[in-house]
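K.L.:
fold the following.
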Amino acid sequence: MGIDTLTFSQTLEQAGFKRAQADAIASGMGKAAAELVTTADLNAAMDRMTIRLGGFMAAALAISTAVLGVLVSLN
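P.N.:
Got it, this is the predicted structure:
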C-alpha cells in the first residue's frame, strides 16, 4: 500500500504546518504505510494455511487408515 507523500505534505502545508514539519510527517506516514498488510496479503496467507491444513489432514487420514489396517489384520 503506497501513500503519495508529496501530496500529503502539501496538504499539511496548506493546513498550516511548516514545510519541514509537513515533510517529516509525510515521510513518517509513508514509512508506516509501507508496513501495512493489505487484504490481498491476508488472502494469500489464508490460502497457504488452507493448503497446509489440507496436507496435515490428508497425512492424518493416511496414518489412521494404516493403523486401522494393522489392527484389523491382527484379529
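
K.L.:
just for the chain, where's the confidence low?
P.N.:
For the chain, the stretches flagged by pLDDT under 70 are 1.

K.L.:
can you give me the domain boundaries for it?
P.N.:
Recorded structural domains for the chain (assignment: automatic domain parsing) are 1-36, 37-75.

K.L.:
turn the ones you listed into CSV, columns for mean neighbour count.
P.N.:
No exception for glycine: its C-beta is placed from N, CA and C like everyone else's. Converted to CSV, the domains of the chain look like this (neighbours: other C-beta atoms under 10 Å):
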stretch, mean neighbour count
domain 1-36, 13
domain 37-75, 10
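
K.L.:
ok, longest helix in this protein?
P.N.:
For the chain, the helix with the greatest residue count under DSSP state H is helix 39-74.

K.L.:
and I3, which of the three is it?
P.N.:
Following DSSP: H, G, I helix; E, B strand; the rest coil, I3 is assigned to coil.
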